[in-house]
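Visitor: Structure for the following, please:
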Amino acid sequence: MGRRAAVAVAVLALAVVASGGALLLTRGGGDDGAPPSVRAPEEVSRTPAQRPATGRRWPLGARLVRRAQLRESPGGRVVRALHPRTGYGSYRVLAVVARRPGWLGVLSHYMPNSKAGWIPDDAAVLRYMPYTIEVDLSALRLLVRRDGKVVRRVRVAVGRPGHETPTGRYAITDALRVSDAGGPYGCCALALTGRQPNVPQGWTGGDRIAIHGTNSEDSLGTPASSGCLRAADADMRWMMKRLPVGVPVRIKA
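Guide: You can find the predicted model right below:
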């Protein structure tokens, strides 16, 4: 999912909300960046997934192969220039949620939650995504599916009252290994395109949400975070080994 070199300049900062222990991501100027304490793991696979048997719809990911402008609508206002790699070194693979002649509707953290942005279809190579993630906030559960079948059930902590985890459709943008594995966000984190609209009062560290590990596993199965999803480090390591960037994530109440 990216080269293992640490990024020198931190533009995208990882921070922990002291009261809730939630990982939130914030971006400054320029494109994405990463603090030296975070590394993007190796690419899981550069080979596009094989097309499955017909009869069911598979999600698609769009891996950028050149610089492209993200637009509000096909041919509409430019939101952001996107590069083939994120600041963490990950390949930029965008979950495809709509298609128009010459255009792909994709999920990006530069767009409002669940809203598609648009890129030219010749700027990316499409690949089938065998995995999906479904999160049920009321059940405090995350399901990983492969080819439509559940392959992992994960107990999670979710946003506490007043700072609930936002529902909607998202996607993984980066898979990050954290050097301080004993810290509040555990071994690793899967950064998402989603943003927390209800950040804690006084918090200025950003609003990106993630699925991340924890050093407080007794909080799992409770509404305890400031919006992120916490999982046991064993579950996070399992997901880190298997889930490529671009995997769609559906969060429901």
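Visitor: is the closest residue to G76 other than its chain neighbours in a bridge, and if so with what?
Guide: Counting by C-beta to C-beta, 6 or more residues apart in numbering, the nearest residue to G76 once its immediate chain neighbours are dropped is W118, at 7.1 Å. Bear in mind the C-beta positions are built from the backbone N, C-alpha and C, glycine included. Beta bridges link W118 to R71, G105 when assigned by DSSP bridges.
Visitor: do the one 10 residues further on as well
Guide: Listed by DSSP bridges, the beta-bridge partners for Y128 are A49, L60.
Visitor: pLDDT value on it, please?
Guide: In this model, Y128 is scored at 91, pLDDT.
Visitor: quick one: the helices in the stretch 101-250 of the chain?
Guide: For the stretch 101-250 of the chain, the helices defined by DSSP state H, counting those that start in this stretch cover 233-242.
Visitor: As a check, name the ranges of all strands in it.
Guide: For the stretch 101-250 of the chain, the strands defined by DSSP state E, counting those that start in this stretch cover 103-106, 117-120, 124-128, 131-136, 141-146, 149-155, 158-159, 168-178, 188-195, 208-212, 223-225, 229-230, 248-252.
Visitor: Out of those, which one sits most buried?
Guide: Across the strands of the stretch 101-250 of the chain, the average number of neighbours (mean count of other C-beta atoms under 10 Å) peaks for strand 229-230, which reaches a mean of 30.
Visitor: next one: it to chain centre, how far?
Guide: Relative to the mean C-alpha coordinate of its chain, strand 229-230 is positioned 12 Å out (C-alpha atoms, centre = their mean, to the nearest Å).
Visitor: tell me the mean pLDDT over that strand?
Guide: The model assigns strand 229-230 a mean pLDDT of 95.
Visitor: which residues are contacting that strand?
Guide: Residues outside strand 229-230 that contact it (C-beta atoms under 8 Å, 6 or more residues apart in numbering) are 21-22, 135, 142, 156-158, 165, 186, 209-214, 216, 219-220, 224.
Visitor: end-to-end on stretch 196-207?
Guide: In stretch 196-207, first residue to last residue: 5 Å (C-alpha to C-alpha, to the nearest Å).
Visitor: Quick check, pLDDT for Q50.
Guide: 53.
Visitor: wait, L82 sits on S108?
Guide: Yes - in this structure, L82 is within contact of S108 by C-beta atoms under 8 Å, at 7.3 Å.
Visitor: So which of those two has more stuff around it?
Guide: Legend: neighbour count by other C-beta atoms under 10 Å for L82 and S108, higher for L82 (24 against 20).
Visitor: and that one, bridged to which residues?
Guide: A68.
Visitor: tell me the pLDDT at it?
Guide: Note for L82: predicted pLDDT of 97.
Visitor: same deal with G205?
Guide: Among the per-residue scores, G205 holds a pLDDT of 58.
Visitor: intersection of neighbour lists for L82 and S108?
Guide: Contact criterion C-beta under 8 Å, 6+ apart; residues shared by L82 and S108: L70.
Visitor: Alright, calling it a day.
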